[in-house]
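*Asks:* here's my sequence, what's the structure:
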Amino acid sequence: MSDPFKNRTPSLNGPATDLSPVTPSDTTDLETVAVALYIEGAGTLSLETQKNETRTVAVGDFAILPVGVRRVNATGTTATGIHAFIVG
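*Replies:* This next block holds a predicted model:
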(Lines give C-alpha, C1' and ligand atoms only; values in the text may rest on other atoms or scores of the structure.)
Protein backbone atom coordinates (compact mmCIF):
# COMPACT_ATOMS: atom_id res chain seq x y z
CA MET A 1 0.00 0.00 0.00
CA SER A 2 1.23 3.49 -0.81
CA ASP A 3 1.75 5.74 2.25
CA PRO A 4 1.63 9.49 1.48
CA PHE A 5 2.77 10.23 5.07
CA LYS A 6 5.95 8.12 4.87
CA ASN A 7 8.34 10.96 3.99
CA ARG A 8 6.28 13.83 5.36
CA THR A 9 7.18 15.76 8.51
CA PRO A 10 4.14 16.19 10.79
CA SER A 11 2.90 19.78 10.67
CA LEU A 12 0.30 21.93 12.39
CA ASN A 13 -0.71 22.96 8.87
CA GLY A 14 -2.30 19.52 8.56
CA PRO A 15 -3.44 17.01 8.07
CA ALA A 16 -3.66 15.39 11.50
CA THR A 17 -1.86 12.06 11.72
CA ASP A 18 -4.38 10.42 14.06
CA LEU A 19 -7.81 10.77 15.62
CA SER A 20 -8.25 9.64 19.22
CA PRO A 21 -11.48 9.21 21.22
CA VAL A 22 -11.71 11.53 24.24
CA THR A 23 -13.12 10.60 27.65
CA PRO A 24 -13.87 13.86 29.49
CA SER A 25 -12.11 14.15 32.87
CA ASP A 26 -11.76 16.91 35.43
CA THR A 27 -8.28 15.70 36.45
CA THR A 28 -6.57 13.99 33.50
CA ASP A 29 -5.07 15.77 30.50
CA LEU A 30 -5.16 14.25 27.03
CA GLU A 31 -2.14 12.07 26.26
CA THR A 32 -1.14 14.55 23.54
CA VAL A 33 -2.36 18.14 23.14
CA ALA A 34 -4.97 18.04 20.38
CA VAL A 35 -4.77 20.48 17.47
CA ALA A 36 -8.56 20.31 17.10
CA LEU A 37 -11.60 18.40 18.35
CA TYR A 38 -14.31 16.65 16.37
CA ILE A 39 -17.68 16.42 18.16
CA GLU A 40 -20.39 14.05 16.94
CA GLY A 41 -23.24 15.04 19.29
CA ALA A 42 -24.30 18.61 20.06
CA GLY A 43 -24.02 20.06 23.55
CA THR A 44 -21.72 22.07 25.76
CA LEU A 45 -17.98 21.51 25.79
CA SER A 46 -15.81 22.57 28.75
CA LEU A 47 -12.12 22.44 27.91
CA GLU A 48 -8.64 23.52 28.92
CA THR A 49 -6.76 25.15 26.05
CA GLN A 50 -3.12 24.65 25.20
CA LYS A 51 -2.55 27.99 26.99
CA ASN A 52 -4.15 26.65 30.22
CA GLU A 53 -7.33 28.71 29.83
CA THR A 54 -10.72 27.22 30.73
CA ARG A 55 -13.33 27.73 28.02
CA THR A 56 -16.93 26.58 27.70
CA VAL A 57 -18.57 26.60 24.28
CA ALA A 58 -21.76 25.31 22.71
CA VAL A 59 -21.18 23.01 19.74
CA GLY A 60 -23.50 21.53 17.15
CA ASP A 61 -23.65 18.02 15.73
CA PHE A 62 -20.55 17.03 13.74
CA ALA A 63 -18.60 20.14 14.77
CA ILE A 64 -14.88 20.68 14.35
CA LEU A 65 -13.30 23.00 16.92
CA PRO A 66 -9.85 24.08 15.64
CA VAL A 67 -8.13 25.01 18.90
CA GLY A 68 -5.26 23.47 20.89
CA VAL A 69 -6.82 21.42 23.71
CA ARG A 70 -5.03 19.76 26.62
CA ARG A 71 -8.14 18.56 28.53
CA VAL A 72 -11.86 18.11 28.01
CA ASN A 73 -13.54 18.53 31.40
CA ALA A 74 -16.29 16.16 32.51
CA THR A 75 -17.99 18.90 34.52
CA GLY A 76 -19.79 21.18 32.10
CA THR A 77 -19.49 18.87 29.08
CA THR A 78 -22.68 17.45 27.61
CA ALA A 79 -21.47 17.01 24.01
CA THR A 80 -20.86 13.40 22.95
CA GLY A 81 -18.63 11.49 20.57
CA ILE A 82 -15.59 13.70 21.15
CA HIS A 83 -12.39 12.91 19.25
CA ALA A 84 -9.00 14.66 19.34
CA PHE A 85 -7.06 15.46 16.17
CA ILE A 86 -3.41 14.55 16.87
CA VAL A 87 -0.25 15.59 15.01
CA GLY A 88 3.00 13.71 15.42
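*Asks:* show me the strands in this structure, by range?
*Replies:* Secondary structure of the chain (DSSP state E): strands at 18-21, 36-41, 43-49, 54-59, 63-65, 69-72, 80-86.
*Asks:* next one: A84 from G76, what distance?
*Replies:* 18 Å (C-beta to C-beta, to the nearest Å). Where you see a C-beta, it was placed from the backbone N, CA and C, and this is true even at glycine.
*Asks:* turn the strands of the chain into CSV, including mean neighbour count.
*Replies:* Below are the strands of the chain laid out as CSV (neighbours: other C-beta atoms under 10 Å):
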stretch, mean neighbour count
strand 18-21, 12
strand 36-41, 18
strand 43-49, 18
strand 54-59, 14
strand 63-65, 16
strand 69-72, 22
strand 80-86, 18
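*Asks:* using TSV, lay out those together with mean pLDDT and distance to M1.
*Replies:* Shown next, in TSV, are these (pLDDT from 0 to 100; distance: least, C-beta to C-beta, whole Å):
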stretch	mean pLDDT	distance to M1
strand 18-21	95	17
strand 36-41	98	25
strand 43-49	98	35
strand 54-59	98	35
strand 63-65	97	27
strand 69-72	98	31
strand 80-86	97	21
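*Asks:* figure out which of the ones you listed is closest to T28.
*Replies:* strand 69-72 (7.2 Å; C-beta to C-beta).
*Asks:* and the closest one, what does it pack onto?
*Replies:* strand 36-41, strand 43-49 (3 or more C-beta pairs under 8 Å, 6 or more residues apart in numbering; DSSP states H and E).
*Asks:* let's see 7 Å
*Replies:* strand 43-49 (3 or more C-beta pairs under 7 Å, 6 or more residues apart in numbering; DSSP states H and E).
*Asks:* adjacent strands (with direction) for the strand it packs on?
*Replies:* strand 54-59 (antiparallel), strand 69-72 (antiparallel) (DSSP bridges).
*Asks:* contacting residues for the closest residue to T54 other than its chain neighbours?
*Replies:* Once flanking residues are discounted, T54 sits nearest to E48: 5.8 Å by C-beta to C-beta, 6 or more residues apart in numbering. Counting by C-beta atoms under 7 Å, 6 or more residues apart in numbering, E48 touches 54, 70-71, 73.
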